[in-house]
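S.K.: sequence first, then the predicted structure:
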Amino acid sequence: ALMLAGSTAEAMAHGSKYPFAAKFEASLTPEFIAAQKKRGPASLRKQKKDYGPVVSKDKHGSACFDEMLKNEKEFCGEWAVFY
């Protein structure tokens with residue numbers, strides 16, 4: 001189960017090892033999620049992928065940003081991503 005901030009009692013009741021976690025329940029409709037997924041990752045909605053001159057020259061940095069964008073694409077229907 002995904003756990004987010006809440007009370008210690010709630011966390012322990014759900015078996016969390018983190019005393020600040022509580023049970024998360026999604027409240028988005030399937031239609032909303034589908035519409036957001038169709039729009040794609042927010043960071044790429046108004047511009048093409050551009051890591052800039054420094055990251056673009058760094059193999060490891062580019063791989064990290066590729067992974068970050070892959071995750072954003074996967075979760076863009078239900079989550080906002082802030083960099």
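M.R.: Received the coordinates, thanks. Only a predicted model underlies this, so the values are computations on that prediction, with no experimental measurement involved. Numbers count the residues shown, from 1 in each chain.
S.K.: so what's Leu28 up against?
M.R.: Leu28 makes contact with Gly77, Glu78, according to CB atoms under 8 Å, 6 or more residues apart in numbering. C-beta: built from backbone N, CA, C; applies to glycine.
S.K.: secondary structure element holding it?
M.R.: Assessed by DSSP states H and E, Leu28 sits outside every helix and strand.
S.K.: do you know the pLDDT at it?
M.R.: Leu28 carries a pLDDT value of 89.
S.K.: next, it: phi, psi?
M.R.: phi -90, psi 140 (degrees, to the nearest 10).
S.K.: low-scoring stretches of the chain, by residue?
M.R.: Residues of the chain that meet the criterion pLDDT under 70 lie in 1-24.
S.K.: which stretches of it form strands?
M.R.: 3-5, 21-23 (DSSP state E).
S.K.: show me what the biggest helix by length in the chain packs onto, helices and strands only.
M.R.: In the chain, with assignment by DSSP state H, the single longest helix is helix 59-75. Packing contacts for helix 59-75, counted by 3 or more CB pairs under 8 Å, 6 or more residues apart in numbering; DSSP states H and E, involve helix 52-56.
S.K.: C-alpha coordinates for the helix it packs on, CSV please?
M.R.: What follows is helix 52-56, C-alpha atoms only, in CSV (Å, rounded to 0.1, in the frame of the first residue of the first chain):
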residue,chain,number,x,y,z
GLY,A,52,20.6,22.1,-21.6
PRO,A,53,24.3,22.2,-22.5
VAL,A,54,25.7,20.9,-19.3
VAL,A,55,23.4,17.9,-18.7
SER,A,56,23.4,17.0,-22.4
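S.K.: for Ala34, what are its contacts?
M.R.: Contacts of Ala34 by CB under 8 Å, 6+ apart are Gly77.
S.K.: can you tell me how far it is from Glu78?
M.R.: 11 Å (CB to CB, to the nearest Å).
S.K.: Glu31 now?
M.R.: In terms of CB to CB, Glu31 sits 13 Å off from Glu78.
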